[in-house]
Every structure is written in C-alpha cells, then in structure tokens.
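Visitor: Pasting the sequence and the predicted model now:
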Amino acid sequence: MTAIKHALQRDIFTPNDERLLGIVNVCKAGKKKKNCFLCATVTTERPVQVKVVKVKKSDKGDFYKRQQTWELRDLTVVDAKDASKENPEFDLHFEKVYKWLASSTAEKNSFISCIWKLNQRYLRKKLEFVNVSSQLLEESVPSGESQSVAGGDEDALEEYQELSAREEQDIESMMEMCEFAVSNAEAFAEKLFKELQVLDGANIQSIMASEKQVNILMQLLDEALAEVDTIEGKLSSYEEMLQSVKDQMDQISQSNRLIQISNTNNGKLLDEIQFLVNYMDLSKGHIRALQEGDLTSPRGIEACISASEALLQCMNVALRPGHEQLAAVNQQQKLFAELRDTFARRLTNHLNNVFVHQFNHFSYFKMTIPQYYRSSCLSLPGHDQSSTLSQNTTELTLPKHSPLHRDLLRYAKLMEWLKNTHREKYEGLSRTYVDYMNRLYEREIKDFFEVAKIKMAGTSKEAKGKFATLPRKESALKQETESLHGSSGKLTGSTSSLNKLTVQGSNSRRSQSSSLLDMGNMSASDLDVADRTKFDKIFEQVLSELEPLCLAEQDFISKFFKLQQHQTVFPPLAQPETEEVDGSVPSRMPPQADHRHSVSSEKDLVRLMMNKIFQSIEPELNSLIALGDKIDSFHSLYMLVKMSHHVWTAENVDPASFLSTTLGNVLVTVKRNFDKCISGQIKQMEEVKISKKSKVGILPFVTRFEEFAELAETIFRNAERRGDLDKAYVKLIRAVFMNVEKVASESQKTPRDVVMMENFHHIFSTLSRLKISCLDAERREAKHKYTDHLQSYVINSLGQPLEKLNHFFEGVEARVAQGVREEEVSYQLAFNKQELRKVIKEYPGKEVKKGLDNLYKKVDKHLCEEESLLQVVWHSMQDEFIRQYKHFEGLIGRCYPGSGITMEFTIQDMLEYFSSIAQSH
C-alpha cells in the first residue's frame, strides 16, 4: 500500500499541488468487483481545500487516472454500518449516497479517522458520523489537546515526505565518498551504522555535560507556569466582564429591533393612508362640478369631463387587501356611487333635452320641399303649380346635420364615461337618439325621394299629384313594387325605336296629362336621350347625397358613442326591427320576435343603429328604382353602372358598413331589373310578327339590339360590372340569330336568303363598328352567314333570265355524268347541234338585256333601302353571270367542237347590259 501511495502522490496529486493524506482500496457494494482507491487530499496552497478523490487503475497499463472528485464540505453523512462488529462496508453521503466495500476493516477505519481529523482541522462543519466508534473519532479529547492530537496526527499522516533538493544532494555526495555504496550495500550500511554509534556517544556525553543548564531550564519553566496561572486568572475576570457587556448589548439589540419594527409598521401605515388619500379623495371642485356643473357652456363641459374622469379613477382604484373593512373607505365608495348616479342622471336628462331641442329645431326650420312648394303655389292666385315645381325643385339635396353633430361631439368623453359607469342610462340615451334621428331622417329622406321622383317623372300636374300621395307604408310599397314588376311585359315592349325620338316629341309628351299608374303603357318613342341623361344625373345625385349623409352619421355614432375601439359583448341598444325578405324591401319583425340579442362586436352595434336610423333608405331606393324601370326599362343600365360604382367605393372603405350592405342589397334589385330588361328584349324577339303583304327588310329587334348596344357601350365605358353586360350581349345576340332565322323561314313576301343576307349584314356592320370584344365570334359568324346567303340568292336568281339555256346544259352535264363522252354528246337526239342552235336563238342580246332588266327590278323589290345592298347584289350577279357564260362556252367547245356555234352576245355585251341597267335605275 505504501508503494501505491507513493505512486499516486507522484503521478496524480503532485502535478496538481495536492498532498495525499489517506487512502483506502474499495469497490462498489453489491456489484461486480472493480477495485479503485478513495483518496483524502489537501491542497498545498491557501486557502486549503479538502477533497475526496476516486482513482482507478487503467485497464491498458500500470498507470492511474483520476475518475471522480468530491469536496469534503459537500459530505453530510459517513455511515460505517456497524460500530461493534468488523464490517468493511461504509457509505458516504454527498449529493447522493455512495456505497463502498473496503478491502479490510482496518483500512476503512483508518480512512474514516482521516476524514474526521481533516474535518476537525480545516472545516469544523457539522458532519454526521453514523455507526462509528467513539474511540475512533476521539470525541473525549479536549479542544486544546484535540488540536495537539490533530497536529500529531497530521505529522503521523505526513510520515512520508519527499526528499528536498538539498537532501538529495547530500545523499549523492555521501554516496560518492563511498565508491562501494552501490556495489556493496551491506558494507555501506555497516559503515553508516558505525558512524551513527560514534555520533550517539558524542550526543550522550554532551547531554550529561549540560545537566546544570537543564535544571535552570526547568526552574524557568516552573516560573512560566506560575505566570500562566496569573494570566489565566486575569483572563477569567475579563471574560466575566465581557459576558456582562454581552448581556447588555443583547438587551440593547432587542430594543433596537423592536424600535425598527415599530418604525417599519408606521411607515407602511403612512403609505396606506397616503395611498387612500391620493387615490380615493375627490376635490370639492370636482364634487361641485358633478352636482351643479353647467353642461351647456364649453368651460362647464370641460369641468364636468375632468370631474367625471377623476371620479372614474377613484372608483376604479385597485384596493389592497383589508381596505374594504375600513369605514372611511366604505364611506368614500358610497359617496362616489351617489355622485356617479347624480351626475349620470343630470347628464342623461340634459342630453335628452338636447336631442329633443335639436329634433324640434330641424322639424321647425326644415319644411319638406313638396309641402313648401305646394303651399307657395297655392298662395299665389292664378299661378301654375307645375311650373312652380319645375322652377323650384332644381336643387336635389339633403339637409346637413353637421351642426348637430358638432354640438353633440362636445359630450363624447362624457358619453364614454357614462358607457363605462352606467350602462343602462348609456343604452337609454342611445335608444333615444336612434328614435329621434329615425323620425327626422325618415321625413327628410321621404321628402328628398319625392322631389327626386317628381324631377324624374316630369313636371305635369298629374305626375306631381300622384307622387305627392305615394303610399309610404311598407305593405303598400311592396304592392307598388309588385305592380311595377307585374307590368314589365308592357314596359319591355316599349323600346322598339329609341333612337327615333326627337325633342319635339318629348315636349309634346310633357304637355300631355297622364298618371303614374299608366306609365307602363308609354311607348319608347315618347322618350329621348335627353330624358335618359336627366334620369342618370338625378340617380347619381341621389346616391351622391345619400353616401356622405350615411358616412357622416356613421362616423358621428362611432365617435359619440365610442363604438370603434375594442370588442365588447353586451345587449344591443337598438334591436333591428326589420328583416330582409328575398333581398328586397324589408318588412317589420313580429312583436314576439322583438328581444335582445348579444352583439359580437361594436361594429355590429354601429350597423344595427344605422339600420334603425336609416331604415327608410332601402325601401325608398327600391321604390325609386322601380319607378325608373317603369318609365323606361333601359334605365336599369344606368342604375346598374352607378349603383355598382357606389357599392365598390363603399366596400373599399368598409365592406361591413351599413352603406355598403344597404347599397349591396339595392344592387341586387337593380341587377334583377337589368336581367328582366334583357329577358324582355328576348321575349319581344320571340313574339315579333311580320307583315305578309310588305317586304321584311331589317327586323325591328335587330335595330333594337343596335340601339341597345350603342347605349350600353356609352353607359358601361370603364364600368366595374362589364361582365354582366358581356353576358347580356351573348344572350341577346344568340336570340337575335335564332329569331332572324325563324322570321326568314316564315317570310312569304321576301325570299329567305334576302332576309338572312340583309339582317346579318346589318348585325355584322353594327358589331364591326362598336368593336365589342366578347362578340368577336358572333361577328365572324354574322359575316359568314351574310356571305353564304348572298351567294345563294345570286345563284338562285340568275337561273331565271336564261332558264331554257340552263336546263339544256344541265342535261348535257347529266349525259356526261352518265358516261357519255363529251364529243359524242352532239349525237344525242335531244342535245344535237340543231337543238343547241334553237335554244341559243331564243336568247338574243335584246332578250338577255330585257331579262336582266326584269331581274334588276325584282331584286330591287326584294331588297330594303336601309342596307343599300342593291349594287352589291347586282355586282355579284354580274360576276356569277360571267362565270356561267364562260362555263357554257366551255361546254360548247368541248361537246360541239368545230361546229362554230356561239352565243348571241359576248362578255363585253353583258358588261354593257349590267352597267346600263344599273345606271338607268
């Protein structure tokens, strides 16, 4: 074990400036025995660190390596397992329990003793030794002796020390003096022994000679002991004095600690009092403002706002535990509640009065325009009422409520306070505002739309009288809408010749007396482009007035009622009383369905308030749209473009706003009217009847399609709903194609090819001129049909002037087709040369010219003047006639070679015939 200890010190601990003081050969208990060494070490540098190191011998060689290290200060328990019996097992408790089995009990006890001594000298911590013999730990040794023992133990632990450099040099010099020290160790040892005996004898003699000095030394030691006893007595008295001082200092420290606790408690109490005073004290000025503050002047409103904010801050302060049990706190809270209720009641009453005053103000000063005009007209004797209306209804505007909004916005912060403190009164004010504004806007919007309808329908007395008494209830409005829709069959049939209108016709129409209920029977010839432009401007003006009105009111509601900040859930103040039926006019909900619903967000609440305030906008717009559609079904094109643009603009601002939702619903109605207009056009095409006695010419629905396309291209230029128009174009053009073919097949006076040729030529010209991209395929198809029927008509017509000649050569071609050789055809009895000369003589130049002249007259009777296709057809007939002439000459040359038979006229003669006939007519 000594050699192992020396090797471990040299190889492992010396390089790390450590000294090995204790070692034990161990293995882990209960496992396969793998021997290792537990070493107790101290560092050579200060402060001294005591460690327990686990060292293991390498499997590949005779060297050792450090495997694990623990600080001795981390050791809590040393368990020897059994103090009475020899047991090599022991446990060391560091961060966990390590169980060891020593190679012998003696080594275990020696290592435990070393651990105890190192703890006593360097650490003096409370280390628990369990099942360890008291003799081994030397617990009975006094403190002074314990220190000496510990010192002696340390000397014992340090029995092995390395040689210093000087000692090594002395040993080497001594061995050099004896040359046989290495070769003969026994002789060298014998020599050293003899020299040691000589030195011992000299030391004994020296000691015996110094006996006197020893006696003197002993005397001095006795005196020193007596002096030590004296000093110990003084130290004992000093210790008693210090103990008394210590007791006094303990009493002073206890008093100081009590004083400090008292000061701390007083400081905390002062903090609590200051907290309550700072956060739960309302100034007299604020109390006076809440109880008596002026809510009409700007300064008074500012004072009330400041006081309400201070009150809200006091009421919302977060009280600390125990504050609720203080009487002063309860008294202040009761005062705050009374002030809150008082001010909420004052504010609610004042704002109710403001709402009533503003409503009465607008009601008194904003006379409805129709009433004003009627009263002004009736007050002037002999004055024409219709002329008065036409002169005074030039401005189509809605009253602006910005002064009302500006006055009320001064109370916005107070409304926010009311919302946060008194929800019931806040909701009551909201309902009151919605109710008053609903009545105000309903009357203003009603008057506004009545003026719009008067301007839209004209200035006749009858029209004005009808509009002044239009029913306003939703049930009557629904019936009116249904009656308007029910007469769409007559309406759509009134657009046959829209472009033939004149201003004179419009003026004569205005002078007539007709009621609105008879407008479904008005023909399109009574309308002109100026009327449509006027309608477009009126409709745009209506939308342009409604849009800023709704946006301004919605912005005011959001700011005044503070509804744009965050998500909330509470019962709505204005339950929507209307529900949409089939996307059209809203109808009242039944009373049993009038109950509160929770609103998911404040935007929904704003939309509900707007729905109730402006619940008359949608039915009025639907009524106006129905009137415009009843006057002229083509108005739906204008309305679709304008409404689509306004819906697109509103959705870009806020897709879920009241304006975008309402205009979107109305847009559905406009789109239905537009689809109905297209369906009516198609129905007219299907029901068209042609005269059996006159030529057909250009069909009416072809002309109407041209007029529709020209109008639509003007209206839908750069429009958002171009796709709807393109779909309508496709439906209409397909119906036009189908019905042109149908009419052509039924025509008795005019040949089918002429009807097809003229109408498809007109369609092709229209589509080429308007350049409608979605109808490119139909344009090519129209051109193809026009070309085919032109060729068919020319071929069929040219067979009549040379009928016998045509039949003769058809027979010749039939014989050739049956297998007869061309040069043998002249031997056929029916087709010999004499028969050919006989047929040719029947068609001299004069007869041919006479036949062509008759043909020209007949073609002229077939064709209409609108398309100017006579010269085109005549030129095509000329080309076809020349082609047939050349074909006949070719057959004569091949079938009758060398006969010298020729036609009675030449190609040049034919050209002169065609030219002279065309010029003569």
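Guide: The structure has been received and is ready for your questions.
Visitor: Residue 409: neighbour count?
Guide: Neighbour count of residue 409, defined by other C-beta atoms under 10 Å: 13. Where you see a C-beta, it was placed from the backbone N, CA and C, and this is true even at glycine.
Visitor: That one and residue 431: what is the separation?
Guide: According to C-beta to C-beta, to the nearest Å, residue 409 stands 19 Å off from residue 431.
Visitor: What segments of the stretch 701-850 of the chain are helices?
Guide: Per DSSP state H, counting those that start in this stretch, the stretch 701-850 of the chain carries helices over the ranges 722-746, 752-770, 776-798, 803-817, 833-841, 845-862.
Visitor: on contacts alone, who are the packing partners of the shortest one?
Guide: Right, the one you point to is helix 833-841. Using 3 or more C-beta pairs under 8 Å, 6 or more residues apart in numbering; DSSP states H and E, the elements in contact with helix 833-841 are helix 803-817.
Visitor: Quick check: buried residues in the helix it packs on?
Guide: For helix 803-817, burial by neighbour count (16 or more other C-beta atoms under 10 Å) applies to 805, 806, 808, 809, 812, 815, 816.
Visitor: Without its sequence neighbours, what residue ends up closest to residue 412?
Guide: residue 560 (5.3 Å; C-beta to C-beta, 6 or more residues apart in numbering).
Visitor: what residues are up against residue 295?
Guide: 301, 304, 346, 347, 350, 411 (C-beta atoms under 8 Å, 6 or more residues apart in numbering).
Visitor: hmm, 10 Å instead?
Guide: Counting by C-beta atoms under 10 Å, 6 or more residues apart in numbering, residue 295 touches 289, 301, 303-304, 343, 346-347, 349-351, 353-354, 410-411, 414.
Visitor: From residue 812, how far off is the most centrally placed residue in the chain?
Guide: Centroid check for the chain by C-alpha atoms, centre = their mean gives residue 655 as the closest residue, at 12.1 Å. Shown here: residue 655 relative to residue 812, a distance of 80 Å by C-beta to C-beta.
Visitor: and if you look at residue 342?
Guide: For residue 342, the distance to residue 812 - C-beta to C-beta - is 122 Å.
Visitor: likewise residue 707?
Guide: For residue 707 relative to residue 812 (C-beta to C-beta), the value is 53 Å.
Visitor: Ok, residue 84 next?
Guide: In terms of C-beta to C-beta, residue 84 sits 152 Å off from residue 812.
Visitor: How about residue 92?
Guide: From residue 92 to residue 812 the distance is 136 Å (C-beta to C-beta).
Visitor: Name all residues that make contact with residue 792.
Guide: 751, 752, 753, 756, 757 are the contacts of residue 792 under C-beta under 10 Å, 6+ apart.
Visitor: how near is it to residue 785?
Guide: 10 Å.
Visitor: Would you check how far apart residue 701 and residue 739 are?
Guide: Noted for residue 701: a distance of 6 Å to residue 739, by C-beta to C-beta.
Visitor: how about the nearest residue to residue 759, chain neighbours excluded?
Guide: In space, and not counting its chain neighbours, residue 759 is closest to residue 740: 4.8 Å by C-beta to C-beta, 6+ apart.
Visitor: actually residue 413, not the one I typed
Guide: Distances taken as C-beta to C-beta, 6+ apart place residue 305 nearest to residue 413, at 4.9 Å, with adjacent residues excluded.
Visitor: what about that neighbour, how many neighbours?
Guide: Residue 305 has 19 neighbouring residues, counting by other C-beta under 10 Å.
Visitor: how far out from the middle of the chain is the longest helix along the chain?
Guide: Secondary structure assigned by DSSP state H gives helix 211-279 as the longest helix of the chain. Its chain's average C-alpha position is 76 Å from that of helix 211-279, according to C-alpha atoms, centre = their mean, to the nearest Å.
Visitor: try stretch 665-683
Guide: Relative to its parent chain, stretch 665-683 has a centroid offset of 34 Å by C-alpha atoms, centre = their mean.
Visitor: same thing with stretch 540-558?
Guide: Taking C-alpha atoms, centre = their mean, one finds the center of stretch 540-558 at 26 Å from the center of the full chain.
Visitor: Keeping just the C-alphas, turn that stretch into CSV.
Guide: Taking C-alpha atoms only, stretch 540-558 is exported to CSV below (Å, rounded to 0.1, in the frame of the first residue of the first chain):
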residue,chain,number,x,y,z
GLU,A,540,-76.3,59.9,-59.4
GLN,A,541,-77.3,63.0,-57.4
VAL,A,542,-79.5,60.8,-55.2
LEU,A,543,-76.6,58.4,-54.5
SER,A,544,-74.1,61.2,-54.1
GLU,A,545,-76.3,62.8,-51.5
LEU,A,546,-77.0,59.6,-49.5
GLU,A,547,-73.5,58.4,-49.4
PRO,A,548,-71.9,61.4,-47.4
LEU,A,549,-75.0,61.6,-45.3
CYS,A,550,-74.7,57.9,-44.2
LEU,A,551,-70.9,58.1,-43.8
ALA,A,552,-71.1,61.3,-41.7
GLU,A,553,-73.8,59.8,-39.4
GLN,A,554,-71.9,56.5,-39.0
ASP,A,555,-68.7,58.4,-38.2
PHE,A,556,-70.6,60.5,-35.6
ILE,A,557,-72.1,57.4,-34.0
SER,A,558,-68.7,55.8,-33.7
